[in-house]
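Asks: using only what follows, build the 3D model:
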Amino acid sequence: MIMKTCNILLSAIATVVAIAGVIPCEATASDGVHAEPVELNKSITRRVYEEGLNQGRFEVPYSADFVGHGGRATFTHADGMAEAKGWRKAFPDLKITVDKQVAERDLVAVRWTARGTNTGSGNGIPATGRAVQIAGTTLFRMADGRIAEEWTCADSLGLMKQLGMLATPATTPATDGSSPAGVP
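Replies: Numbers count the residues shown, from 1 in each chain. Down below sits the predicted model:
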């Protein structure tokens, strides 16, 4: 009798919790039902870095209607490939490490670090001979086993500083205790 009462109570609690949304009623990656597509999505996005940007092999599957978001503009797959090839020209030894990947349903977030030496010119950057390292994050949206959309945020300011492409503001020491010349 006590065991039957406990089972009824546990069933009632589980039902209330599920209705309240504490336990999701649909299958998730953790239950194995959706794990395979999530792992496939992670594998595809990892190829962007390991094969595409690191090796110059750009056969990663993108959807025909791909849209990329970077900075203030959107770009097509063709635009993105041209830029990726430009980075490979500017940094022939480019190596991007995938530091972390997190995926859920059709989204994959990638935290990455790029290292390379600017010995060529590409994407409007002349060869400087300087080694650089920057970090960035890309969020991919997948559809039917292809990359449908991406949003990238990278340390472009840090890159320009490391390449010596930003003028350092001239400062003159103030003799009267005020701010240096040119600094408000």
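
Asks: residue boundaries of the helices in this structure?
Replies: Ranges of helices within the chain are 2-20, 35-47, 54-55, 77-90, 156-162, based on DSSP state H.

Asks: low-confidence ranges in the chain?
Replies: Filtered on pLDDT under 70, the chain yields the residue ranges 1-35, 171-184.

Asks: how does it look with 80?
Replies: 1-35, 71-72, 167-184 (pLDDT under 80).

Asks: center of the chain - which residue?
Replies: Centroid-nearest residue in the chain, with Cα atoms, centre = their mean: residue 138, separated by 1.6 Å.

Asks: specify the beta-bridge partners of the residue lying closest to it once chain neighbours are set aside.
Replies: Sequence neighbours aside, residue 152 is the residue nearest to residue 138 in space, at 4.5 Å (criterion: Cβ to Cβ, 6 or more residues apart in numbering). Placement of C-beta: from N, CA and C, glycine included. On the basis of DSSP bridges, residue 152 is bridged to residue 70, residue 138.

Asks: residue 152 and residue 80, how far apart?
Replies: Residue 152 sits 9 Å away from residue 80, going by Cβ to Cβ, to the nearest Å.

Asks: residue 36 too?
Replies: 27 Å.

Asks: more neighbours, the two?
Replies: Using other Cβ atoms under 10 Å, the more surrounded residue of residue 36 and residue 80 is residue 80, with 21 against 10.
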